[in-house]
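# Coordinates only, no sequence provided:
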């Protein structure tokens, strides 16, 4: 991933909901919405679905 890529994220403040464009190197950091001043943590990059272990399913047994 090159550093010139942009992440688009919506402000979680329901009164604002502005779309923010932040550089990809801001992942894991706090940024402030210029519209309302809300602090937003930019999520880290997601892992591909095949790397994430599947949750264990409990089998229901009639006793």
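It's in. Everything numeric here is computed off the predicted structure, so don't read it as measured data.
# what about stretch 19-27, how long is it end to end?
With Cα to Cα, to the nearest Å as the measure, stretch 19-27 spans 16 Å from end to end.
# For that stretch, the averaged confidence score.
For stretch 19-27, mean pLDDT rounds to 91.
# That one: which residues count as buried?
For stretch 19-27, a neighbour-count test (16 or more other Cβ atoms under 10 Å) marks 20, 26 as buried. C-beta here means a position set from N, CA and C on the backbone, and glycine is covered the same way.
# Would you mind giving the secondary structure of residue 45?
coil (DSSP: H, G, I helix; E, B strand; the rest coil).
# So it versus residue 32, what's the distance?
From residue 45 over to residue 32 the distance is 21 Å, taken as Cβ to Cβ, to the nearest Å.
# So which of these two has more stuff around it?
More neighbours surround residue 32 than the other of residue 45 and residue 32, with 12 against 9 (other Cβ atoms under 10 Å).
# Surely the more buried one is in contact with residue 39?
Yes. At 5.6 Å, residue 32 counts as touching residue 39 under the criterion of Cβ atoms under 8 Å.
# Could you list the low-confidence segments of the chain?
Across the chain, the ranges flagged by pLDDT under 70 are 1-4, 46-55, 57-63.
# Strands along this protein, start to end?
6-10, 19-23, 30-32, 39-41 (DSSP state E).
# Now distance to residue 56 too, for those, in CSV please.
Converted to CSV, the strands of the chain look like this (distance: least, Cβ to Cβ, whole Å):
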stretch, distance to residue 56
strand 6-10, 32
strand 19-23, 36
strand 30-32, 34
strand 39-41, 29
